[in-house]
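Q: Need coordinates for the following:
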Amino acid sequence: MRWSLLMTLSFATAALATTPTPAELTGVYLKHSTGAMWDPGVQLVLTSSGRGMHVILRCGKGDLSGVPEVLAAKVTRGEVSFSLPEGGDSRCPAGDYEGRLRVVDGVATSLILRMPSVDTALDLQRESGFAPAGSFYPYE
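A: Residues are numbered from 1 along each chain as shown. Have a look, this model is predicted:
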C-alpha cells in the first residue's frame, strides 16, 4: 500500500514538473506566406494575462494588411483553441481554431494550427519577438 502511494505521488510530481508554464508557451508564432492564395501567412501571438490566455491573430496573402484581432484562448496540456467571429479585418477565416503546441525541454517551439476553411494544418514556428514587415513575407 505504501509503495503504490509513493509511486503515485512520484509520478504526479514528475507530471507537474514537466507541464510548461504560461511563460514557456507564450510567444510569437509565424508561418510565412509564399503569396499564393492557398498559402496564408499567419502571425499569432500567444500571451498570458491576469484574465487568462489570449491570442493576437492576423493573416495575409503576400502582405501585412490584416488588422490584429485579440481573442480569448483556451490552453490545456498543450492544446490551444479559440474562435474568430465574423466581420473582423484580420484577413483570417472566421470560425473555430485548434492547435497543438510542440514542446521541447519544457519550452514551446512551434504550433500546429488547424484553421477554418484551410485543408491542411499549418506549422507556425516560434520566433524570438515581433518580426519586421520584410521578414513576415519574405517571398514578395
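Q: Look up the residues forming beta bridges with residue 76.
A: Counting by DSSP bridges, residue 76 is bridged to residue 79.
Q: Show me the helices in the protein, by range?
A: Assigned by DSSP state H, the chain shows helices spanning 2-18, 22-25, 133-136.
Q: what about the last one, average pLDDT?
A: This means helix 133-136. Averaging pLDDT along helix 133-136 gives 39.
Q: before we move on, what about stretch 54-61?
A: Average pLDDT, stretch 54-61: 88.
Q: now swap in stretch 71-85 and tell me
A: Stretch 71-85 comes out at a mean pLDDT of 94.
Q: Would you mind listing where this protein has pLDDT under the threshold?
A: Applying pLDDT under 70 to the chain flags residues 1-20, 22-23, 33-40, 62-64, 129-140.
Q: ok, now how distant is residue 80 from residue 70?
A: The spacing between residue 80 and residue 70, counted by C-beta to C-beta, to the nearest Å, is 15 Å. From N, CA and C alone the C-beta is placed, and that goes for glycine too.
Q: Give me the more crowded residue out of these two.
A: residue 80 (23 against 12; other C-beta atoms under 10 Å).
Q: Just list the residues touching the more buried one, thanks.
A: When contacts are counted by C-beta atoms under 8 Å, 6 or more residues apart in numbering, residue 80 touches 46, 53, 55, 73, 74, 97, 98, 99, 100, 101, 111, 113.
Q: cool, and residue 113?
A: Residue 113 touches 29, 31, 42, 44, 80, 97, 98, 99, 121, 122, 123, 124, counting by C-beta under 8 Å, 6+ apart.
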